[in-house]
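Student: pasting the structure only:
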């Protein structure tokens with residue numbers, strides 16, 4: 001999904017919605033592993049139609065999959081997904097909560113970039129889908145602030161507004177950090193140094209420009 005998003009210059013909102021559609025459908029319907037790529041394609045297609053002014057054409061998306069799926073297959077799966085979700089697509093994403101926390105607490109560009117990166121890595125772990133979007137956003141933001149300022153305390157986050165306890169955020173943050181370390185294969189002591197490389201990768205160098213309209 002990420003590579004397709006970058007190829008078509010889709011918004012961050014589109015990716016987060018696509019991941020949410022993907023997870024929510026798998027939670028209610030068993031999908032054979034051979035059809036997971038098709039589900040991912042359909043999730044991105046539906047999200048693009050919802051979020052983008054000019055969503056990519058279906059033929060262009062299928063071309064990214066080397067024409068692995070026929071147009072009829074994609075449309076049939078799209079209908080199944082929408083029916084399964086009862087056409088309920090308006091669900092606050094992790095990105096929505098990240099923006100809210102950033103607005104309340106304030107953060108530097110690097111902290112925002114890192115928080116987004118940490119939250120996106122969690123998509124690779126099926127276990128993290130059991131956590132609410134608000135908890136993932138709060139915990140990811142906490143990790144970003146802590147990495148840049150070791151003296152940052154949990155009390156600096158809007159825990160009451162997000163309706164999460166200190167223990168919930170700490171436990172979730174530990175799980176998220178473990179996933180990041182596995183993904184990047186870096187030592188805990190090298191996180192701050194790795195931020196420079198991480199923020200230069202993919203779209204993180206420009207995501208601030210997409211963030212600013214929501215301040």
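Tutor: Looks like it came in fine. Please read these numbers as outputs of a predicted model, since none were measured by experiment. Residues are numbered from 1 along each chain as shown.
Student: can you map out the helices along this structure?
Tutor: Assigned by DSSP state H, the chain shows helices spanning 2-8, 12-28, 36-51, 58-64, 71-84, 94-105, 109-121, 133-148, 159-162, 166-184, 191-200, 207-211.
Student: Tell me how far the second one lies from the chain's centre.
Tutor: When you say that, I think you mean helix 12-28. 9 Å (CA atoms, centre = their mean, to the nearest Å).
Student: got the contact list for it?
Tutor: The contact list for helix 12-28 (CB atoms under 8 Å, 6 or more residues apart in numbering) reads 1-2, 5, 31, 39-40, 43-44, 46-48, 50-52, 81, 84-85, 89, 91, 93-95, 116, 120, 123, 129, 133, 203, 207, 210. C-beta: built from backbone N, CA, C; applies to glycine.
Student: the inter-axis angle of that helix versus helix 71-84?
Tutor: For helix 12-28 against helix 71-84, the angle between stretch directions is 80 degrees (axes from the mean of the first three to the mean of the last three CA atoms, to 10 degrees).
Student: can you give me the angle helix 12-28 makes with helix 94-105?
Tutor: Using the same axes, to 10 degrees: helix 12-28 against helix 94-105 is 130 degrees.
Student: what comes up buried for helix 12-28?
Tutor: Across helix 12-28, burial judged by 16 or more other CB atoms under 10 Å covers 12-22, 24-26.
Student: same question, the fourth one
Tutor: Within helix 58-64, the residues that qualify as buried by neighbour count (16+ other CB under 10 Å) are 61, 62.
Student: name the helices or strands packed onto it?
Tutor: Using 3 or more CB pairs under 8 Å, 6 or more residues apart in numbering; DSSP states H and E, the elements in contact with helix 58-64 are helix 2-8, helix 36-51, helix 71-84.
Student: count of neighbours near residue 45?
Tutor: Residues lying near residue 45 (other CB atoms under 10 Å) number 24.
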